[in-house]
Each structure stands twice: as C-alpha cells, then as structure tokens.
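In: Build me a structure from this.
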Amino acid sequence: MPRARRKRGVGALDNTKCECGHTNPFGTVLCESCGKPLDEKDGQETRSLDMRYEGAARRSQTRNRGLIDKVWGFFSSVKVAVALILITLAVSILGTILPQEQYIPSARPDVYYPQQYGVVGEIYYKLGLSDLYSSWPFRLLIGLIGVSLVVCSLDRVVPLYRALKNQRVTKDPIFLTRQRIHAQREMTEKEGIALMDRLAERLSRKRYHIRREGAALLAEKGRFSRWGPYINHVGLIIFLIGILLLRVPGFYLNEFVFVREGETKPVPQTPYYVKNEAASVVFYDPEELPPDAAGSGQPVVKQYETKAVLFTKDPETGELEPVHRQTIRVNHPLKYQDVELFQSDFQTKLKGLELSVRDRKTGKTIGSFTVDLDNPKFRKSYRLPGGAEVRILEYFPDFAMEENRPITLSEEPNRPAFVFELKTPELKEPEKSWVIAGTNMDEVQKENRYEIELAKIQTVNQSGLIVRQQKGTPIIFTGAVIFVIGLAIGFYWQHRRVWIRWKEGILYLGAHTNKNWFGFRRELEQAAEGTDLRLVFPTSGRRENG
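Out: Purely as a prediction, here's the structure:
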C-alpha cells in the first residue's frame, strides 16, 4: 500500500501527512481525518485496526528528549502504576504484623517493641513500620500513585478527547474494511443511499445518534462510556488526596481526654469544652443472658454511657455557652459539626478520702475531715471539734519509695499518701502523721497520741473520650462516590459506532465498539436483517481499552 509521507521541521516534532492531504501530529497511528493507517510495516495490511485512543498520538510515545519527557514517560506507564500499587500493598501488609504505636499500652514505643518482640520488634520500630501510615515513605508511595494516575490519565484522555470531538463522518474504505465488523457490496449510488437510509432509520430506533455527510453516515451511541476509566482515576486521585490530608495538621485529629462526672474540660486542639454530667455503666438483667453466662453470678456489662454537654467560649464575656447535648454510648459518638467524641474508656476513680482522728488514750474519735483528691491544698487547715486542727504538709498521689525517699509515680491518685500535722490543746508540740493508702501505720507511729485513719473513700466515675476530627473524610467520600460512578459507566455502557459510505459503486460498512462485541453483533444483525449485506464478525470478543 502507498506510504504516508513524513514532513520534518528544524527543531520541531515530525508531522505525518496522509494521502488525503491532512497533516497529523507525529506518532498518529490513524489519520485524524479519513482514518487511514499511517506508516504501517509490511505484513500488517490485513490486520484489524488498533482503535485504542482512536489511533491518536500520545505524548509519552512521541517525546523522549528532555528530563521532563522522560519523567512523563515513566509515570505514564501502566506497569509503573501497577508496580507502585503492589509495593504499597506489600508495605501495608508489613504494617499489620505488629500493632501500630497508637494501639500499644506504652508511651515509649522505642522501649516497648524491643521488650515485647525482641530483635524483630527493634527492627520493626527502627524501620518506621510501627507508625507506618504516618511515615513519610508511605505518604511518598501514596503521592507517587497519585502522580502516576494523573500522568496516565492526561497522557491518554487528552488525545482521546480531541479525536472523538473532531471525528469525521467520511472515512476511507481501507478504514472501514479493516474494522473488526465490516461489510461491503456492489450497488448503484441510488441503491446505496436507499440502503443507508434504511439502516439509519433502524439504528436511530436503537438510540444511535445519526450524522450524515454526502454519501457517508456515522451512527454513534454511548460515547460518554469512554470516560468511565478516567472518571475512576479522578475519583481515586481525590480519594488519595483525602487520605494524605488525614495526616495534615488541621485536617485530622485523634486525641484522648478523661472527664470526671461534674467536670468540664477543654476538648484538645478544638475551640470546644465538654462537660460530663453523668457517667454510668448498664448491666444486663439475668433473664437477658444465656444460661451459661447467667449461672456465673457475675454482672455482664451491657453499655457504657456519658451524658455530655459541648460548650463554646464567648469571646467577649469568656463564659461557656452550650451548643450541643447528647448521651455518648459505645459506637454512638457525640457529633457536632466536624468533631466527634467516642466513648472509649470508663473508670471509677478516687475523688476524696474521709479521715478520722482517734485519741489512743481514750479510744474515742475526736472528729473527722474530708480531703478532696482533685485539689488537695497544701497547708490547708481542717478544724475539728474541741479545738483540734489538721494541716496537710505533703501529698504523694501515687506513692512509692526510691532510694529510701518518698516519690510519686504519677499525678493520678492511684495510691495517695499524706503527711499531716495535728495540733490539739492537749499536745505541747504538734504531731506529724503519715497516712498511706493500703498501709497500716500503727506500728510505725506508736509514739503519737493521736491516730489519723481512713474512715471512708469517695469515688467518682470518669469517661475516657476519643476526640476525632476528620476534615478529609468528606473528600474521601466524594472520591469514593466518583470512583463508583466511573466504575458503573465503564461496566454498563459501551461506545458503539457504525460507519457507512458509498464510493465508486461499492457500499462499505465498518463498525466498532470498545467492549461487549457479542451484544453489538446482535444489534447489527437486527439492523441488517432483510438486507443483502453480509456482515463479517470477529472470531473473538476481546475488549479494547481506551
């Protein structure tokens, strides 16, 4: 067959000129005007035409000179995109071998992993797998997948859009006869036009859009389905952006706060305050339990609840104003705008100690006082009947001994200890007394006339709330919806086209679809029924992408 001529310009990309006179961009496979194959190799003249991307020139296949062109060519490869996805999946699997840092019961992951898992844990931590999804290598992989999706899409969708937007009605007979579905028959021009009218009427009833140009016809439907894969890509890109934003300050928040009953605390890293009006635990009734559980006699927790009120601070008065009230339950968080409070923990904590003062000589109690463990004021005096007075000299919320010295392990009243000073009219010098939770100090302080002992403990329920703020979630949801829309378009619709042309005593027909050749075949058989056209169909129903 005659070869297309190439026209080379100085400092410019090659252009390929077709025999029809149309000048095509370098790298074009099929002429943009008549559809005739350009610059085919010997032995390819009888093959069906490759209709991917309408034979348009792609940037990645036509430019390979500068650094930008090489980077573009690298990321436009589908193989590279698949490799990046597989690498990310493999790394994600590695991140599930051991618990992530946010799920370990320690604030020192550098110590916890080697202690719990030995050498494997130490390597796991040093490689950054313990905090994988926040690490920069994982974010880089997600970013590279996004770049690959953008480049792959632009490299294909731009030439495809131009080709489909400017597709011509009149096609060269070679283009028509080398379609996978084709037909040709000798007839006069009058017969050809009559048959063309008949086919156009039948195809239009099947919702084909008909365009005519002289003795040529193009019937087309479902063009929008070609954008399905690229809509998928857009959805995935938006989805990946949303994932990356989950680790950007201001877009993602995952904090924890304990709030006691009656207490109001700031919600970390938000302008809100939360008050715990009541925290409670609900147990199953015995009749609600199966026989094996009811027979144990132990109460079974049904639900944890927190009656919470959310406040904002008035910038002028500084007063807290309630904006939302809700009972928080497990799996039923408080939601207000973009902030969520989840019920995560429930504890009963010491709130206060009621202490009594007993005279060892008489064995009588001379009085009692209560220490508030939330705010034990040093040097505070507790006046008792008969002129006695008790003061707090020292307080250790979480008492322990270290090198024979008293220390506190934390600020939580897990094992409160006090040093009191006691004055009474009967004493010449004040007495100092130790009171340590869970310890009998009688033998240690025999010389003291008065004994300070625990009379009663006061407890309070407190709720552990997870504070979450995910501004990237709507972005992720939007990306997922767009992806599903693209998936539906790509699966359930097809781009079908039928070209018909009468030329020099022969009627030519060529037809193409990007998928579902069997359904297309049935449609064409119905349209050609009762005519003398003998349609030639492909032997396989392979799908052509693009």
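In: Next one: residue 16 from residue 27, what distance?
Out: 8 Å (Cβ to Cβ, to the nearest Å). In this view, the C-beta of every residue, glycine as well, is placed from N, C-alpha and C.
In: Also residue 424?
Out: On the measure of Cβ to Cβ, residue 424 and residue 27 end up 103 Å apart.
In: What average pLDDT does stretch 464-479 get?
Out: Throughout stretch 464-479, pLDDT has a mean value of 88.
In: again with stretch 167-182
Out: Mean predicted confidence for stretch 167-182 is 92.
In: just stretch 313-326 next, same as before
Out: Mean per-residue pLDDT for stretch 313-326: 91.
In: how long is it end to end?
Out: End-to-end span of stretch 313-326 (Cα to Cα, to the nearest Å): 19 Å.
In: Residues in contact with that stretch: which ones?
Out: With contacts defined as Cβ atoms under 8 Å, 6 or more residues apart in numbering, stretch 313-326 is touched by 264, 271-273, 308-312, 334-336.
In: I'd like to check which residues are in contact with residue 24.
Out: Contacts of residue 24 by Cβ under 8 Å, 6+ apart are 15-18, 31-32, 38, 57.
In: JSON lines for those, including pLDDT and neighbour count?
Out: Putting these into JSON lines (pLDDT from 0 to 100; neighbours: other Cβ atoms under 10 Å) gives the following:
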{"residue": "15", "pLDDT": "64", "neighbour count": "16"}
{"residue": "16", "pLDDT": "76", "neighbour count": "20"}
{"residue": "17", "pLDDT": "83", "neighbour count": "15"}
{"residue": "18", "pLDDT": "87", "neighbour count": "21"}
{"residue": "31", "pLDDT": "87", "neighbour count": "26"}
{"residue": "32", "pLDDT": "82", "neighbour count": "23"}
{"residue": "38", "pLDDT": "82", "neighbour count": "20"}
{"residue": "57", "pLDDT": "77", "neighbour count": "21"}
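In: Tell me the one among the residues you listed nearest to residue 381.
Out: Nearest to residue 381 among these: residue 57, at 91.6 Å, using Cβ to Cβ.
In: I'd guessed that closest one sits against residue 26; true?
Out: Yes. In this structure residue 57 lies within contact range of residue 26 using Cβ atoms under 8 Å: 6.3 Å.
In: Distance from stretch 412-422 to the middle of the chain?
Out: Centre-to-centre, stretch 412-422 and its host chain are 48 Å apart (Cα atoms, centre = their mean, to the nearest Å).
In: Can you measure across that stretch, start residue to end residue?
Out: Start-to-end, stretch 412-422 (Cα to Cα) is 26 Å.
In: which other residues reach it?
Out: Contacts for stretch 412-422 (Cβ under 8 Å, 6+ apart): 349-350, 353, 357, 371, 373, 376, 388-400, 406, 430-438, 450, 452.
In: please redo it, this time with the cut-off set to 7 Å
Out: Residues outside stretch 412-422 that contact it (Cβ atoms under 7 Å, 6 or more residues apart in numbering) are 350, 353, 357, 373, 388, 390-399, 406, 430-438, 450, 452.
In: Show only the entries of these found in strands.
Out: 350, 353, 357, 390-396, 399, 406, 431-436, 450, 452 (DSSP state E).
In: Can you flag the buried ones in the residues you listed?
Out: Buried members of those, counted by 16 or more other Cβ atoms under 10 Å: 350, 353, 357, 390-392, 395-396, 399, 431, 433-436, 450, 452.
In: Report the two of the residues you listed separated the most.
Out: Largest separation among those by Cβ to Cβ: 350 and 431, giving 25.3 Å.
In: so where is this structure shaky, pLDDT-wise?
Out: 1-15, 40-46, 64, 107, 291-297, 378-379, 442-444, 539-546 (pLDDT under 70).
In: cutoff 50 now
Out: Scanning the chain for pLDDT under 50 picks out the ranges 1-13, 43.
In: Show me the strands in the stretch 301-450 of the chain, by range?
Out: Using DSSP state E, counting those that start in this stretch, the strands of the stretch 301-450 of the chain run over 301-313, 320-329, 334-336, 339-359, 365-372, 381-383, 389-396, 399-402, 405-408, 417-423, 431-436, 450-470.
In: would you list these in TSV and tack on distance to residue 89?
Out: Converted to TSV, the strands of the stretch 301-450 of the chain look like this (distance: least, Cβ to Cβ, whole Å):
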stretch	distance to residue 89
strand 301-313	37
strand 320-329	36
strand 334-336	32
strand 339-359	29
strand 365-372	55
strand 381-383	65
strand 389-396	52
strand 399-402	48
strand 405-408	48
strand 417-423	54
strand 431-436	56
strand 450-470	23
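In: any idea how far residue 286 is from the residue lying closest to residue 128 once chain neighbours are set aside?
Out: Once flanking residues are discounted, residue 128 sits nearest to residue 135: 4.5 Å by Cβ to Cβ, 6 or more residues apart in numbering. According to Cβ to Cβ, residue 135 stands 50 Å off from residue 286.
In: Who has more neighbours out of these two?
Out: Between residue 135 and residue 286, counting by other Cβ atoms under 10 Å, residue 135 is the more crowded of the two (17 against 12).
In: about what we covered before: over to the residue nearest to residue 128: give its phi and psi.
Out: Residue 135 adopts backbone torsions of phi -80, psi 150, taken as degrees, to the nearest 10.
In: Roughly how far does it sit from residue 415?
Out: From residue 135 to residue 415 the distance is 39 Å (Cβ to Cβ).
In: for residue 137, same thing?
Out: Separation of residue 137 from residue 415 (Cβ to Cβ): 44 Å.
In: Neighbour count: these two, which is higher?
Out: When residue 137 and residue 415 are compared on other Cβ under 10 Å, the one with more neighbours turns out to be residue 415, at 18 against 12.
In: so the more buried one bridges to which residues?
Out: Beta bridges link residue 415 to residue 398, judged by DSSP bridges.
In: got the buried residues for the top helix by length along the chain?
Out: Looking across the chain with DSSP state H, the single longest helix is helix 136-165. With burial defined by 16+ other Cβ under 10 Å, the residues of helix 136-165 counted as buried are 138, 141-142, 144-149, 151-157, 159-160, 163-164.
In: which strands and helices sit next to that helix?
Out: Judged by 3 or more Cβ pairs under 7 Å, 6 or more residues apart in numbering; DSSP states H and E, helix 136-165 is in contact with helix 67-75, helix 78-94, helix 228-245.
In: what's in contact with the strand or helix carrying residue 183?
Out: Take DSSP states H and E as the rule and residue 183 turns out to sit in strand 181-186. Contact with strand 181-186 is made by 176-177, 505-511, 524, 532-538, as judged by Cβ under 7 Å, 6+ apart.
In: ok, how many other residues are close to the spatially closest residue to residue 252 that is not a sequence neighbour?
Out: Residue nearest to residue 252 in three dimensions, not counting chain neighbours: residue 246, with 4.4 Å by Cβ to Cβ, 6+ apart. Per other Cβ under 10 Å, the neighbour tally for residue 246 reads 18.
In: again, but for residue 474
Out: For residue 474, using other Cβ under 10 Å, the count is 11.
In: Determine the angle, from 0 to 180 degrees, between the helix or strand where it lies and strand 450-470.
Out: For residue 474, the enclosing helix or strand under DSSP H and E is helix 473-492. Orientation of helix 473-492 against strand 450-470 (axes from the mean of the first three to the mean of the last three Cα atoms, to 10 degrees) gives an angle of 40 degrees.
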